[in-house]
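**Q** Sharing a model that was predicted from the sequence below.
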Amino acid sequence: MATTDAPLSSIVKVPAGGTAVLTCNSNDFNHNFMFWLFDTDKVVGPNNYYDERKYKYEVLSGKLHIDNVTPAESGIYRCVSRKLDGSGIAVGQVELVVSETFTTIAPVTLVAILVSIFVLISCAVLYWRLRKSWSKP
């Protein structure tokens, strides 16, 4: 069975926490989508899910949807499709780049910072007033 590797077709850039959508470029009128492969041992395809909650694919187009992506999931993803006459397979490649994003400050942390600032300002005002009254004869 002959294998043909497609050159890297695209680079998909997604911020951390977002949803990546990778297009299977080896799936066309002469090929049927079989599965996605990444990290050399993780397969997503019919009857072979790596993680059903995180990875979803479209059976006809082969598009792969990855929810809540992390920087650790950056890399080359390979889409494997079989030739309609069964004489070979084609492998398409897409690079996923996940950029880190700034995390939001938790509400409790934000309140703690604001209270700390308020206490510091209050202490400074109190010290200034006491110092002023101590310097009076």
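**A** Looks like it came in fine. Numbering: from 1, shown residues only.

**Q** Name the surrounding residues that touch stretch 18-37.
**A** By Cβ atoms under 8 Å, 6 or more residues apart in numbering, the residues outside stretch 18-37 that reach it are 6, 9-10, 12, 14, 43-46, 48, 55, 57, 59-69, 73, 77-84, 89-94, 96, 98. Every residue, glycine included, has its C-beta placed from N, CA and C.

**Q** Quick check on those residues: which are buried?
**A** 6, 12, 14, 43-45, 55, 57, 62-64, 66, 69, 73, 77-82, 89-94, 96, 98 (16 or more other Cβ atoms under 10 Å).

**Q** Show me the residues you listed that map onto strands.
**A** Residues of the buried ones among the contacts of stretch 18-37 located in strands (DSSP state E): 6, 12, 14, 43-44, 55, 57, 64, 66, 77-82, 89-94, 96, 98.

**Q** excluding its backbone neighbours, what's nearest residue 36?
**A** residue 44 (4.5 Å; Cβ to Cβ, 6 or more residues apart in numbering).

**Q** Hmm, that neighbour is touching residue 57, no?
**A** Yes - contact criterion Cβ atoms under 8 Å: residue 44 and residue 57 qualify, at 5.8 Å.

**Q** what sits in contact with each of the two?
**A** 36, 64.

**Q** Poorly predicted segments of the chain, please.
**A** 1-8, 46-53, 101-105, 137 (pLDDT under 70).

**Q** Quickly list the domain ranges of it.
**A** 2-99, 104-137 (automatic domain parsing).

**Q** mind checking how far the residue nearest the centre of the chain is from residue 75?
**A** In the chain, the centroid-proximal residue (Cα atoms, centre = their mean) is residue 69; its distance is 2.0 Å. Distance of residue 69 to residue 75, computed by Cβ to Cβ, to the nearest Å: 11 Å.

**Q** any shared contact partners between those two?
**A** Common neighbours of residue 69 and residue 75 (Cβ under 8 Å, 6+ apart) are residue 96.
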